[in-house]
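**Student:** build me a structure from this.
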Amino acid sequence: MAEAIRAEAVRRNDDREGRPLPLASHWCCGKHPLSQGWAPAHQLALIEHGHHLLPWFAHPPLDAQLGKEGLDAFLKYYEEPIKRAAELRLPLTIVGTQWECLLSAEPYIKLEPERNPNVVTPEGKVRKEVCPFGPVDLWEEVGRKWTDNPQLKRLQAWHPDPPLVIFLSNNEHPKLRWHKAEESKRYLDKYGKGKDDDFKRRVVAEGWIERYRALQKGMREGLAAQGWRDKALFVGYEAFGPDHMGRWGGWPNYSLHSKGRISPHPLMWDGGSPSYYTHDWNPSRDCTVWSPQLEFMNLVFMQREAWRLNPGFWVEFSVWDGYDGPRREKEYPSPRTLYRLKGQAYNPERYGGFVQFGMWLLRPRAVREYRGWTFPAEEGLPYFMAIVEAVDRVHANATLRKFWRQGELVPNRARKHHYQAGIPDEWKDVDRWFLLDADVNPQEFPWELHWDVAVYSLALVMGKAPERQWLLYAHSPVKQRKGVKLTIPGYRQVAVDTSPAGVFYLVDERTGRVEAVK
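**Tutor:** So this is what the prediction gives:
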C-alpha cells in the first residue's frame with residue numbers, strides 16, 4: 001500500500017500513463033484531546049489496513065525550547081509515526097496556519113510605516129492586513145521562522161528523505177483586496193487614483209506572487225535536510241481560480257483574474273486546495289443549483305489554465321458538509337440539520353455520493369476533508385471513510401482506474417452554465433457546463449439558484465466513433481430513482497437507476513450496452 005501511495009503522490013500531472021490516482025487526507029490533525037483519533041498513529045493504521053491516505057501532521061511549534069510537558073507531548077505525537085512513515089517511505093503533509101500571520105504580529109506590526117509589511121492607509125495608519133506593496137524581505141524572514149527551528153529539524157532527522165512533503169497553508173490571513181487598493185498609501189504613491197479594475201487586479205496579483213514566493217523561499221531555505229528542500233511543495237487553501245465566477249454581479253471583487261489570466265495562484269503557489277463546501281452560513285446545498293457540484297464546473301478550464309502556467313501545479317480539493325459540532329450548530333444550523341428538517345436522510349452514503357461528483361469532475365491529486373481542530377474522530381470517521389472508500393474504489397476497479405487516468409470529461413454544449421453574471425469576454429465561450437441533461441431535472445432554462453436538482457450526472461469518454469466508451473457517474477442526493485433518462489452529448493439517451501451514494505455505468509457505442517460498474 002505504501003508503494004501505491006508513494007507512486008501516485010510523486011506521479012507527474014502529465015505522466016504518460018495518465019493522471020495520478022487520488023489520495024485521501026484531512027485538515028484535522030488530532031492535536032487536541034478531543035480529536036486524538038485523527039492523529040498520525042491512527043492514519044498509519046488505516047494505511048496498514050489497505051487504504052490510500054496521504055498522511056498529515058500538524059506543523060510543530062516554533063518554540064526554540066520545549067518544557068518537559070511540551071517535549072513529552074511532542075514526542076508522543078510525532079516520533080513513532082514519523083519514523084514509521086520513514087520506514088514505509090511515505091509522503092507527508094505538514095498542516096499549518098497562515099504563515100504570513102506573523103507579519104501582522106509583534107514585532108512587525110510595530111515597525112515604522114516605511115518598513116511595515118501591513119497595509120498603511122493614506123493617513124498613515126497601519127491595519128492588520130498584509131500588503132502586496134510592502135517590503136519583500138520580511139516575508140522571506142518570517143518564512144524561515146516556520147522551518148528553521150528545533151522541532152522541525154527533529155522531524156527531518158527522523159524522516160530525512162521523503163518522496164514528497166506538502167506544506168499546507170490555511171491561507172486565510174487578512175490581506176488587502178484589489179478593490180480597496182486605493183486605501184493603500186503605497187499603491188497611491190506608485191500608481192495614483194482612477195486606474196481600471198483590470199489594472200488593479202493585475203498589480204495586486206503581481207505583488208502577491210512576489211511576496212508569497214519570498215515567503216516560501218524562506219521556508220525552503222530554512223529546512224535542514226536536502227531531501228525536504230528538494231521535495232517540498234507549498235499548497236494553499238483556496239489558492240485557485242474563482243469557483244463562484246458568474247454566480248452574482250459582485251463576484252469579481254473576490255477574484256484576481258486579469259486579461260489573459262484567470263488566476264495568479266499557479267504562479268504564487270505550488271498547489272491549491274479549493275473548497276467543495278456546503279457552508280452553514282450561506283444557501284449552498286448538495287441538491288440545488290447553488291451547489292459545489294455546479295460551482296466546481298467553473299474550475300475545469302481553470303485547472304487547464306493552472307497547468308499552462310505551472311505544469312507541476314498540485315490540484316487537490318477540500319470538502320466539508322457544513323457540520324462542525326453541536327456548539328457551532330446552535331449559531332449556524334448545518335445543511336445536515338436543514339435536510340433532515342425537510343424529511344430527507346443525510347448519512348455517509350449521501351456524503352460520499354456528493355464527494356464523488358467533485359472527484360470525477362476535477363480528478364484531483366487528493367481529497368482533503370475539513371473538520372475543526374477539536375472535532376472528535378469517533379463522530380467524524382464514518383463520513384471520512386466515505387471519502388476513503390471513494391478514493392480506494394478508483395484504485396481497485398480497473399474500469400474506474402482507466403477512465404480516471406485517460407478519460408476526457410464531456411462538455412454539455414446544449415446548455416450554458418447558469419452562472420452568467422459579468423463573465424469576461426475571453427471566457428464567455430469556454431466549456432463550463434458538464435451536467436448531463438436529465439428528464440427529472442428542471443426543463444425550463446436558465447435555472448434559478450434556489451431550484452432543486454434531482455440528479456447530478458457527468459460523463460467521461462474514451463476512444464473515437466464508432467467505438468467510443470463512456471463512463472457515466474450519477475447521484476441523486478435526496479432519494480433513489482429508477483429509469484432516469486440521461487442524454488450523452490453527441491450520442492444518445494440512456495436510462496439508469498441512481499442513488500444518493502452514486503452509481504457508475506459503462507456505455508459502449510459498438511455494442512450499445514449500458515452496464516453498471518461494480
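**Student:** measure residue 485 to residue 112 for me?
**Tutor:** In this view, residue 485 and residue 112 are 69 Å apart by C-beta to C-beta, to the nearest Å. Bear in mind the C-beta positions are built from the backbone N, C-alpha and C, glycine included.
**Student:** those two: which is more packed in?
**Tutor:** Neighbours per residue (other C-beta atoms under 10 Å) separate residue 485 from residue 112, with residue 485 holding more: 14 against 8.
**Student:** retrieve the pLDDT associated with the closest residue to that one other than its chain neighbours.
**Tutor:** Counting by C-beta to C-beta, 6 or more residues apart in numbering, residue 485 lies nearest to residue 439, which is 4.2 Å off, once chain neighbours are set aside. Looking at residue 439, its pLDDT reads 99.
**Student:** next, count neighbours for residue 439.
**Tutor:** 14.
**Student:** now it: phi and psi?
**Tutor:** phi -70, psi -20 (degrees, to the nearest 10).
**Student:** which residue packs closest to residue 138, ignoring adjacent ones?
**Tutor:** Closest to residue 138 by C-beta to C-beta, 6+ apart is residue 117, at 4.7 Å.
**Student:** shouldn't the one you found be in contact with residue 135?
**Tutor:** Yes: at 5.8 Å, residue 117 and residue 135 qualify as touching, with contact defined as C-beta atoms under 8 Å.
**Student:** quick one, strands of the stretch 351-500 of the chain?
**Tutor:** For the stretch 351-500 of the chain, the strands defined by DSSP state E, counting those that start in this stretch cover 366-369, 408-409, 437-438, 456-462, 469-475, 481-487, 493-498.
**Student:** which of those strands is buried the deepest?
**Tutor:** strand 366-369 (a mean of 26; mean count of other C-beta atoms under 10 Å).
**Student:** and this structure, what are its domains?
**Tutor:** Per automatic domain parsing, the structural domains of the chain span 64-355, 408-516.
**Student:** mind checking which of residue 117 and residue 135 has more residues around it?
**Tutor:** residue 117 (26 against 18).
**Student:** if we can go back for a sec, please report phi then psi for the residue nearest to residue 138.
**Tutor:** Torsion angles, degrees, to the nearest 10, at residue 117: phi -80, psi 0.
**Student:** in contact with it, which residues?
**Tutor:** Contacts for residue 117 (C-beta atoms under 8 Å, 6 or more residues apart in numbering) come out as 103-104, 108, 111, 130-131, 134-135, 138-139.
**Student:** over to residue 12?
**Tutor:** By C-beta under 8 Å, 6+ apart, the neighbours of residue 12 are 20, 312.
**Student:** what kind of secondary structure is it in?
**Tutor:** When classified by DSSP: H, G, I helix; E, B strand; the rest coil, residue 12 comes out as coil.
**Student:** strands of the stretch 51-200 of the chain, residue ranges please.
**Tutor:** Using DSSP E, counting those that start in this stretch, strands in the stretch 51-200 of the chain cover 56-58, 92-95, 118-120, 126-130, 165-169.
**Student:** in stretch 372-388, what counts as buried?
**Tutor:** 372, 375-377, 380-381, 383-388 (16 or more other C-beta atoms under 10 Å).
**Student:** who's in contact with the worst-scoring helix or strand of the chain on mean pLDDT?
**Tutor:** Within the chain, no helix or strand scores below helix 326-331, which has a mean of 93 by mean pLDDT, DSSP states H and E. With contacts defined as C-beta under 8 Å, 6+ apart, helix 326-331 is touched by 280, 323, 334, 337, 372.
**Student:** could you identify the helix or strand that succeeds that helix?
**Tutor:** Counting by DSSP states H and E, the next helix or strand C-terminal to helix 326-331 is helix 335-341.
**Student:** export that following helix as CSV, just CAs?
**Tutor:** Extracted in CSV, the C-alpha atoms of helix 335-341 (Å, rounded to 0.1, in the frame of the first residue of the first chain):
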residue,chain,number,x,y,z
PRO,A,335,-27.1,21.7,6.0
ARG,A,336,-27.4,18.3,7.7
THR,A,337,-30.0,19.7,10.0
LEU,A,338,-31.8,21.6,7.3
TYR,A,339,-32.0,18.5,5.1
ARG,A,340,-33.4,16.5,8.0
LEU,A,341,-36.0,19.2,8.8
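**Student:** hang on, the earlier thing: surely the residue nearest to residue 485 touches residue 484?
**Tutor:** Yes: between residue 439 and residue 484 a contact is recorded at 6.8 Å, counting by C-beta under 8 Å.
**Student:** and the helices in the stretch 351-500 of the chain?
**Tutor:** 377-396, 398-406 (DSSP state H, counting those that start in this stretch).
**Student:** show me what counts as buried in stretch 140-158.
**Tutor:** 140-144, 146-149, 151-156, 158.
**Student:** give me the number of residues near residue 480?
**Tutor:** Neighbour count of residue 480, defined by other C-beta under 10 Å: 11.
**Student:** pull the contacting residues for it.
**Tutor:** Residues near residue 480 by C-beta under 8 Å, 6+ apart: 497-500.
**Student:** ok, residue 337 to residue 331 distance?
**Tutor:** 12 Å.
**Student:** neighbour count: these two, which is higher?
**Tutor:** residue 337 (14 against 8).
**Student:** what's the mean pLDDT across stretch 344-364?
**Tutor:** Here the average pLDDT along stretch 344-364 is 99.
**Student:** grab the longest helix from this protein for me.
**Tutor:** helix 197-222 (DSSP state H).
**Student:** and it, what's buried?
**Tutor:** Those would be 200-220, 222, for helix 197-222 by 16+ other C-beta under 10 Å.
**Student:** which residues does the helix or strand following it contact?
**Tutor:** Per DSSP H and E, the first helix or strand lying C-terminal to helix 197-222 is helix 226-231. Helix 226-231 has contacts (C-beta under 8 Å, 6+ apart) with 156, 160-165, 220-221, 223.
**Student:** and with 10 Å instead?
**Tutor:** 9-10, 91-92, 94, 147, 152-153, 155-156, 159-167, 219-223, 225 (C-beta atoms under 10 Å, 6 or more residues apart in numbering).
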